[in-house]
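Undergrad: Sequence and computational prediction follow.
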Amino acid sequence: MTEQREHVEAAPPHMGSVLKMMSRATYFREAALRNLFLLCAVAAVAGVALIFVFVGVRGWPVVQDPGLAAFLFGSEWSATNDAFGILPLVTGTLVVTIGALLLGAPLAIGTAVFLSEIASPRMRSIVRPAVEMLAGVPSVVFGFFGLVILRPVVAALTGGMGFGPLTASVILAVMIVPTISTLTEDALRSVAPGIRHASYAMGATTWQTIYKVLLPAAKIGIIDATILGMGRAIGETMAVVMVAGNAPQFFAGLGEPIVTLTSQIVIDMSYASGTHRTALFGLAIILFLISMGLVALVRTLSRHAERQG
């Protein structure tokens, strides 16, 4: 009995060494990793804030010269005439972006539906890498393709030189396909399998299940994907510069040259000075606000979907 008691009394120190909690070295390693990740998050937020402050400080003088009203609602952009109204640039950006969405969004959503619901594993292994590869192609390559291959076709159709919103929209439509397609496929795959099974159990065909069940169930995710694709189209520069024609005028036809906000910055920044340079920073502020608005819209829709879910 005494020997058993001594054995029990001697056990705790041994068990304590075996069941010892986190060592001091592990604790410091965990703390270092936590602080490293926090530093990464702070650096990302600080980067966005610094860009906003830099662009805002450089572009704020546009409020005095040429004046906020003249800048936002002016109908002429001409450095030689000291006129910096952005309405033609905004119009060109909207026309090109809407055209890209009308052409690219159905193509991207159809691709996502095919990959998610119809394609065999072998076909999926071929199509998905091809779609993802589009995201890695440099924009200048798209622009060169549009300039050499697509522009003559558009010129023959419209009777002009082929530069304009139609050429730019087609190029941007192809460029936004990977973004919309990937996010839409994720949204479709996130739909609970039971919803599919219930639809098939009620006698629905594959098309009826896709059209009446899956697409409505993934509606918010598809809208988010389309909005992010729109942001990609608005922010694209190099390809648009090569095929849009770069004429700061209002939309006059699918084959008439136009210019966008981003392309005007690239074209003018190398030689701009004074009020002209300030106006270009004002364009950057407008683009920054548009990007912030699109991100805020996506987050709002996502929160709305979470509340409904």
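TA: Perfect, thanks for sending it. Residues are numbered from 1 along each chain as shown.
Undergrad: Could you use CA atoms for every contact and neighbour count after this?
TA: OK.
Undergrad: what about the stretch 1-150 of the chain, any weak spots by pLDDT?
TA: 1-22 (pLDDT under 70).
Undergrad: Correction: the previous question concerned the stretch 151-300 of the chain.
TA: Checking the stretch 151-300 of the chain against pLDDT under 70 turns up nothing.
Undergrad: quick one: the helices in it?
TA: 151-158, 165-189, 193-201, 206-209, 215-217, 219-235, 238-243, 261-268, 275-308 (DSSP state H, counting those that start in this stretch).
Undergrad: Out of the ones you listed, which is closest to residue 24?
TA: helix 275-308 (40.8 Å; C-alpha to C-alpha).
Undergrad: right, and the helix or strand after the host helix or strand of residue 134?
TA: If you go by DSSP states H and E, residue 134 is part of helix 121-136. Per DSSP H and E, the first helix or strand lying C-terminal to helix 121-136 is helix 139-145.
Undergrad: would you turn the helices of the stretch 151-300 of the chain into TSV with distance to residue 53?
TA: Listed next are the helices of the stretch 151-300 of the chain as TSV, based on distance: least, C-alpha to C-alpha, whole Å:
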stretch	distance to residue 53
helix 151-158	39
helix 165-189	29
helix 193-201	47
helix 206-209	49
helix 215-217	40
helix 219-235	19
helix 238-243	25
helix 261-268	18
helix 275-308	10
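Undergrad: what's the closest of those to residue 39?
TA: When the helices of the stretch 151-300 of the chain are compared (using C-alpha to C-alpha), the closest one is helix 275-308, at 22.9 Å.
Undergrad: for the stretch 1-150 of the chain, what spans make up the strands?
TA: 77-78, 83-84 (DSSP state E, counting those that start in this stretch).
Undergrad: so of the ones you listed, which one's packed in deepest?
TA: strand 83-84 (a mean of 22; mean count of other C-alpha atoms under 10 Å).
Undergrad: so what strands line up beside it?
TA: Note on strand 83-84: by DSSP bridges, its sheet partners are strand 77-78 (antiparallel).
Undergrad: Give me the contacts around the strand it pairs with.
TA: 83, 84, 85, 86, 88, 248 (C-alpha atoms under 8 Å, 6 or more residues apart in numbering).
Undergrad: again, only using 10 Å
TA: Strand 77-78 has contacts (C-alpha atoms under 10 Å, 6 or more residues apart in numbering) with 71, 83-89, 247-249, 264, 276, 279.
Undergrad: before we move on, what about stretch 198-206?
TA: Stretch 198-206 is contacted from outside by 117-118, 194-197, 208-214, using C-alpha under 10 Å, 6+ apart.
Undergrad: How far off centre is that stretch?
TA: 35 Å (C-alpha atoms, centre = their mean, to the nearest Å).
Undergrad: For that stretch, C-alpha coordinates in CSV please.
TA: In CSV, the C-alpha atoms belonging to stretch 198-206 read as follows (Å, rounded to 0.1, in the frame of the first residue of the first chain):
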residue,chain,number,x,y,z
ALA,A,198,-34.3,17.8,-55.4
SER,A,199,-34.7,19.4,-58.8
TYR,A,200,-33.8,16.2,-60.6
ALA,A,201,-36.1,14.2,-58.3
MET,A,202,-39.0,16.3,-59.4
GLY,A,203,-38.4,15.4,-63.0
ALA,A,204,-36.5,18.5,-64.1
THR,A,205,-34.1,18.3,-67.0
THR,A,206,-30.5,19.5,-66.8
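Undergrad: For it, list every residue counted as buried.
TA: 199, 204 (16 or more other C-alpha atoms under 10 Å).
Undergrad: ok, residue 251 - how many residues close by?
TA: Close neighbours of residue 251, defined as other C-alpha atoms under 10 Å, add up to 22.
Undergrad: ok, residue 252 - contacts?
TA: 92, 164, 165, 258.
Undergrad: phi, psi of it?
TA: phi -130, psi 0 (degrees, to the nearest 10).
Undergrad: now swap in the one 5 residues further on and tell me
TA: Main-chain dihedrals, residue 257, degrees, to the nearest 10: phi -60, psi 140.
Undergrad: Distance check, it against residue 244.
TA: Counting by C-alpha to C-alpha, to the nearest Å, the gap from residue 257 to residue 244 is 6 Å.
Undergrad: of the two, who's got more company?
TA: residue 244 (29 against 26).
Undergrad: buried sites along the lengthiest helix in the chain?
TA: Longest helix of the chain, by residue count under DSSP state H: helix 24-59. By neighbour count on 16+ other C-alpha under 10 Å, the buried set for helix 24-59 is 52, 55, 56, 58, 59.
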